[in-house]
Structures are given as structure tokens and as C-alpha cells.
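# I would like to see how this sequence folds:
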Amino acid sequence: MLNEVEAKKLLEQAGIPVNDTRLARTKSEASSLSREIGFPVALKIVSPDVVHKSDVGGVKVGLVNTAQVQKAYTEIVGSVKEKVPDATIEGVSVQKMGRPGVEIIIGVTEDAQFGPVIMFGLGGIWVEAIKDVVFRVIPVTTWDAEEMVREIKGFAVLQGYRGQEAVDLSFLVKLITRISEFIEKNPRVKELDINPLIAYADGAVAVDARIVVNQ
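Next up is the predicted model:
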């Protein structure tokens with residue numbers, strides 16, 4: 001499995017916008033990287049043994065100075081070591097905080113019968129709470145992707161529910177087709193999760209990503 005930093009680099013090469021994310025192996029390195037990236041930043045544990053980072057104290061957000069970053073680094077590593085003692089810790093990712101928007105999930109899994117299948121839906125906590133997602137077999141066309149976006153129950157949220165700004169639907173369609181093309185060109189990729197992808201009126205950005213490849 002690629003770590004988050006590696007996964008985002010691969011997605012960026014495929015034309016998927018990602019937030020600036022870099023790997024720090026010490027708290028002083030985290031401090032230096034945070035200044036380069038620009039505040040506010042978020043820190044996340046980077047470990048192949050930790051999937052749900054928040055559950056083990058592996059995430060700190062909204063950090064606005066180097067003192068907060070160093071403190072957060074120490075607390076994250078300490079919490080993960082306590083709660084997952086056998087976890088291999090590669091470091092902590094330092095990444096630019098994204099502005100608020102609509103949280104989306106786009107994922108790819110390998111179906112035993114149909115091969116690679118792409119998923120689209122509302123992301124963040126919503127994917128677990130209401131499971132508002134739809135699926136298509138890869139490859140998907142632009143028409144398929146447009147259908148996927150409009151099929152979810154929360155489509156009204158994308159259109160600008162209760163005064164919220166509508167997101168760029170055409171850009172979401174492009175991202176779905178780009179990911180489909182990426183999977184076709186990279187058959188070793190067996191699983192992919194972007195959750196969340198933050199969608200805006202002027203585009204979208206992946207702020208968390210996971211990729212599993214066959215050796």
C-alpha cells in the first residue's frame with residue numbers, strides 16, 4: 001500500500017488536484033515544512049498499520065504556527081504508539097488545510113466478476129452514516145460519470161442546498177473519467193480511495209487518499 005504522500009503524488013500525475021502534502025520524520029522537519037507550505041496546516045500519521053487515523057489520535061488540524069505543529073507531531077506519534085503499539089510509523093504528513101466545501105468520496109475496488117469498479121458519493125462521515133454511493137464498471141464514459149453524479153440521493157447538496165454554493169458538477173465528471181482512465185493505464189492499482197475530495201464552485205481537491213497496488 002502506498003502511503004498518503006506517495007498516493008497523492010500519483011494522483012497529481014494523473015491530473016487529480018491534491019493539497020500540498022509532504023512527509024516529516026521529525027518534529028523539526030514538520031515545523032520547517034509547515035512554514036514552506038504556509039499556515040494553516042494539518043498533520044496526519046503516516047503508517048501502513050493505521051487506516052482510521054482519527055480513531056487513534058493520528059490527526060491534528062487547523063495548526064497556525066510552528067509551536068502548534070511541533071506539539072501536534074509529538075502528540076500524534078505518542079498517541080499512535082500507545083494505541084497501536086506494533087504500528088510501523090513512517091512519519092507524519094504535513095499538508096495545507098483546504099477551505100470548507102462539499103465532501104465527496106471517489107473509490108475503486110476490484111470485483112471478482114466485473115473487474116475494477118468505480119464508486120462516487122458523498123464523502124467524509126456521510127459515506128459511513130448514510131452510504132449514499134453509486135457504482136459503475138470501469139471504463140466509464142462521460143455520460144456514465146454524469147449519471148453517477150446525478151444518481152446519488154444527496155445530489156441536491158451538490159446543487160447548493162439551503163443557500164450553500166453549488167459545486168462544479170462538470171469538474172466532478174472529469175475527475176471520475178480521469179480516475180477511470182488512470183486505472184486502465186495502471187492495472188497494478190487494485191484499490192483507490194479519495195475521501196474526502198473537497199468540491200467547490202471552482203473545482204475540487206483531494207485532501208486524503210489511499211492506493212493499494214499489487215506487487
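# output the lowest mean pLDDT helix or strand found in the chain.
helix 126-129 (a mean of 65; mean pLDDT, DSSP states H and E).
# next structured bit after that one?
Toward the C-terminal end, the helix or strand that comes next after helix 126-129 (DSSP states H and E) is strand 133-137.
# partners of the lengthiest strand in the chain in the sheet?
The strand that spans the most residues within the chain, counting by DSSP state E, is strand 189-200. Within its sheet, strand 189-200 is paired with strand 102-111 (antiparallel), strand 203-206 (antiparallel), strand 209-213 (antiparallel), according to DSSP bridges.
# that one: how far from the chain's middle?
On the basis of Cα atoms, centre = their mean, to the nearest Å, strand 189-200 sits 5 Å off its chain's mean C-alpha point.
# mean confidence score for it?
Strand 189-200 shows a mean pLDDT of 95 in the predicted model.
# put the alpha carbons of that strand into CSV.
The C-alpha trace of strand 189-200 is given here as CSV (Å, rounded to 0.1, in the frame of the first residue of the first chain):
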residue,chain,number,x,y,z
VAL,A,189,-3.7,-0.5,-8.8
LYS,A,190,-6.3,-2.7,-7.1
GLU,A,191,-7.8,-0.2,-4.6
LEU,A,192,-8.1,3.5,-4.6
ASP,A,193,-9.9,5.8,-2.1
ILE,A,194,-10.1,9.6,-2.2
ASN,A,195,-12.0,10.6,0.9
PRO,A,196,-12.6,13.3,1.2
LEU,A,197,-12.4,15.1,-2.1
ILE,A,198,-13.5,18.7,-1.3
ALA,A,199,-15.7,20.0,-4.1
TYR,A,200,-16.1,23.8,-4.7
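# re the thing from before, what about the strands paired with strand 189-200, which gets the closest to V167?
Among the strands paired with strand 189-200, strand 102-111 comes nearest to V167, with 5.3 Å by Cβ to Cβ. The way it works is simple: take the backbone N, C-alpha and C, and place the C-beta from them, glycine included.
# what's the angle between the closest one and strand 133-137?
Orientation of strand 102-111 against strand 133-137 (axes from the mean of the first three to the mean of the last three Cα atoms, to 10 degrees) gives an angle of 40 degrees.
# quick one: mean pLDDT over strand 102-111.
When pLDDT is averaged along strand 102-111, the result is 95.
# which other helices and strands contact the helix or strand that that strand is followed by?
On the C-terminal side of strand 102-111, the closest following helix or strand by DSSP H and E is strand 115-122. If contacts are counted by 3 or more Cβ pairs under 8 Å, 6 or more residues apart in numbering; DSSP states H and E, strand 115-122 sits against strand 102-111, strand 133-137, helix 142-151, helix 169-185.
# how about CSV for those, with distance to V64 and mean neighbour count added?
Listed next are the helices and strands packed on strand 115-122 as CSV, based on distance: least, Cβ to Cβ, whole Å; neighbours: other Cβ atoms under 10 Å:
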stretch, distance to V64, mean neighbour count
strand 102-111, 22, 20
strand 133-137, 34, 17
helix 142-151, 35, 16
helix 169-185, 29, 18
